[in-house]
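Undergrad: Please find the sequence and the predicted model below.
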Amino acid sequence: MNPKEIKNFHLIAVCGTGMASLAGLLKAAGHRVAGSDANIYPPMSTLLEDLNIEVKPGYRAENITDAIDIAVVGNAVSKTNEEVVAVQEKGIEALSFPATLSRYFLEGKRPLVVAGTHGKTTTTSLLAWTLHHAGRDPGFMVGGWLKNFDTNHRYGAGDFFVVEGDEYDSAYFDKGPKFLHYRPHAAILTGIEFDHADIYNNLDEIKDAFRKFTGIIDPAGFLLTAHGDANIADVIAATPCDIETYGFSPDADWTIADYQWQSGSGRFRLLHRGKEAGEFSLPMTGRQNALNAAAVAALCLRLGLTADEVARAYRAFKGIKRRQEVVGTAGGITVIDDFAHHPTAIGLTLAGIREAWPEGRIWAVFEPRSATSRRNVFQDSLPESFGAADGVILAELFAPEKIPEDQRLNPESLIDRIRSTGKNAWYLPKVDAIVEHLATHCRAGDVVLVMSSGGFGGIHQKLLEKFKDRETP
């Protein structure tokens, strides 16, 4: 069957971030789209409702009808799923999420893929926005919610499609990483560390995945990599395209110079092999975001955008939800939400918050929620990640029963290690206990940074409710 004639899609596990955005893209492309999920909740359920995409609660064989042309199977479901079995019995073609994206949205485009352990969502979002602001009309799919677009995807008519390149597996029938489907014309590689301990056994397996990714970049395209990352250096030997580096080092091809945080913006000059390439200002704090911005600027300049086009887009960038997002201020206390869950990301996020609030006390509140952060693989490296915080609060592990007992992070031991450095730290398993503790100990001028890869029991609003009646000096 000609792919252009396919009109009826059913997405199994449609409420995942990637799956919901794919549903939106398919709908925008003129297809008829429906889906099902056992966990239907905002913001993805709201997105699908706004797009008038039917979502059926639960997984049932009767949801799989003869009218379906393609079943897209999310990586959250197994081969024993009732709908998956029905798809097989009816002989309906099943595709993974990344394979569907590749077939229907990347073919004939110039895909720009952002990959790496950290900074993917911010970098991808900034790249998509910059190309859009400059009139290039890109399509995009991002793992976060872009405030400039009030969505996480867009069906663009231009030559470029910007996609966040995830190294997580694709589906139960395709255990390879998603980014191997994305046909990269050009790519950014932000850095490589061990992560996703639920599917990778060690760093070598992670590096092998990235080695395969860099090996499929268009030879006529290019790759931009973070300067000085030994793990990156170990995977790019067989990369078929031109490679350039970016970073703060004068040895990088693209060098960040004169970085400073001033008047709510991170400002820097960008040099290309010693020659002035442009001056940029981004309303996001931290040297890590300067690196993300430098990578995007370098890529855009190589694609033919002017430095002025990039700079104007950066000044208009509104950021991403759950990435250093100020949820609110009450009683003189600022509550910030962030997605950080890896030791490196935690340290970088705290450093950025310290840069923007140099005088205030910073409270780091962390929920071990991701598949990796709940494991003890980072038991020894996590304590130093909280170095920029004045106080640390650790919540209980999310769904600990899903992690073998001998592999679980030990929160009490982690708190003891942090205290041994002279820092105040508490293990408070429940959200309400954390809220009460902070309500008692916080004062005006403090910043509470909440880090979790999930909803964390609505802690942000609970904190603001507690703080709102405090007298602000």
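TA: Cool, the structure landed.
Undergrad: Not counting residues beside it along the chain, what's closest to residue 402?
TA: residue 374 (7.8 Å; CB to CB, 6 or more residues apart in numbering). All C-beta spots, glycine's among them, are computed from the backbone N, C-alpha and C.
Undergrad: What helix or strand is the spatially most central residue of the chain located in?
TA: The centroid of the chain falls nearest to residue 121 when counting by CA atoms, centre = their mean (3.7 Å). For residue 121, the host element (DSSP states H and E) is helix 120-133.
Undergrad: How far does that helix sit from its chain's centre?
TA: Centre-to-centre, helix 120-133 and its host chain are 12 Å apart (CA atoms, centre = their mean, to the nearest Å).
Undergrad: same thing with stretch 446-460?
TA: In terms of CA atoms, centre = their mean, the centre of stretch 446-460 is found 16 Å from the chain centre.
Undergrad: now do the same end-to-end measure for it.
TA: 15 Å (CA to CA, to the nearest Å).
Undergrad: What are the contacting residues of that stretch?
TA: Applying CB atoms under 8 Å, 6 or more residues apart in numbering, the external contacts of stretch 446-460 come out as 327-328, 332-341, 346, 349-350, 353, 357, 360-367, 369-370, 373, 389, 395, 398, 431, 434-435, 438, 442, 463.
Undergrad: Select from these every entry located in helices.
TA: Residues from those lying in helices, with DSSP state H as the criterion: 346, 349, 350, 353, 431, 434, 435, 438, 463.
Undergrad: Using CSV, list the CA coordinates for the longest helix along the chain.
TA: Ranked by number of residues, the top helix in the chain under DSSP H is helix 287-302. Output of helix 287-302 as CSV, limited to C-alpha atoms (Å, rounded to 0.1, in the frame of the first residue of the first chain):
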residue,chain,number,x,y,z
ARG,A,287,26.8,28.0,31.6
GLN,A,288,25.2,24.8,30.4
ASN,A,289,22.5,26.8,28.6
ALA,A,290,25.2,29.0,27.0
LEU,A,291,26.7,25.8,25.6
ASN,A,292,23.3,24.8,24.3
ALA,A,293,22.8,28.2,22.7
ALA,A,294,26.3,28.1,21.2
ALA,A,295,25.6,24.8,19.6
VAL,A,296,22.3,26.0,18.1
ALA,A,297,23.9,29.2,16.8
ALA,A,298,26.8,27.3,15.2
LEU,A,299,24.3,24.9,13.5
CYS,A,300,22.1,27.7,12.3
LEU,A,301,25.0,29.8,11.0
ARG,A,302,26.3,26.7,9.1
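Undergrad: now it and helix 120-133, what's the angle there?
TA: 40 degrees (axes from the mean of the first three to the mean of the last three CA atoms, to 10 degrees).
Undergrad: Give the buried residues for helix 287-302.
TA: 287-302 (16 or more other CB atoms under 10 Å).
Undergrad: now stretch 377-391
TA: Residues of stretch 377-391 classed as buried: 377, 378, 382, 383, 385, 386, 387, 388, 389, 391 (neighbour count, 16+ other CB under 10 Å).
Undergrad: Could you tell me which of the contacts of stretch 446-460 are located in strands?
TA: 327-328, 333-338, 362-366 (DSSP state E).
Undergrad: What is the worst-scoring helix or strand of the chain on mean pLDDT packed up against?
TA: Least confident element among the helices and strands of the chain, by mean pLDDT, DSSP states H and E: helix 44-50 (a mean of 88). Secondary-structure packing of helix 44-50 (3 or more CB pairs under 8 Å, 6 or more residues apart in numbering; DSSP states H and E): helix 17-28, strand 54-57.
Undergrad: Please put the alpha-carbon coordinates of that helix into PDB.
TA: Extracted in PDB, the C-alpha atoms of helix 44-50 (Å, rounded to 0.1, in the frame of the first residue of the first chain):
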ATOM      1  CA  MET A  44      -0.900  15.000  27.000                       C
ATOM      2  CA  SER A  45      -4.600  14.100  27.500                       C
ATOM      3  CA  THR A  46      -5.400  17.800  27.200                       C
ATOM      4  CA  LEU A  47      -3.300  18.200  24.100                       C
ATOM      5  CA  LEU A  48      -5.200  15.200  22.500                       C
ATOM      6  CA  GLU A  49      -8.500  16.600  23.500                       C
ATOM      7  CA  ASP A  50      -7.800  20.000  22.100                       C
END
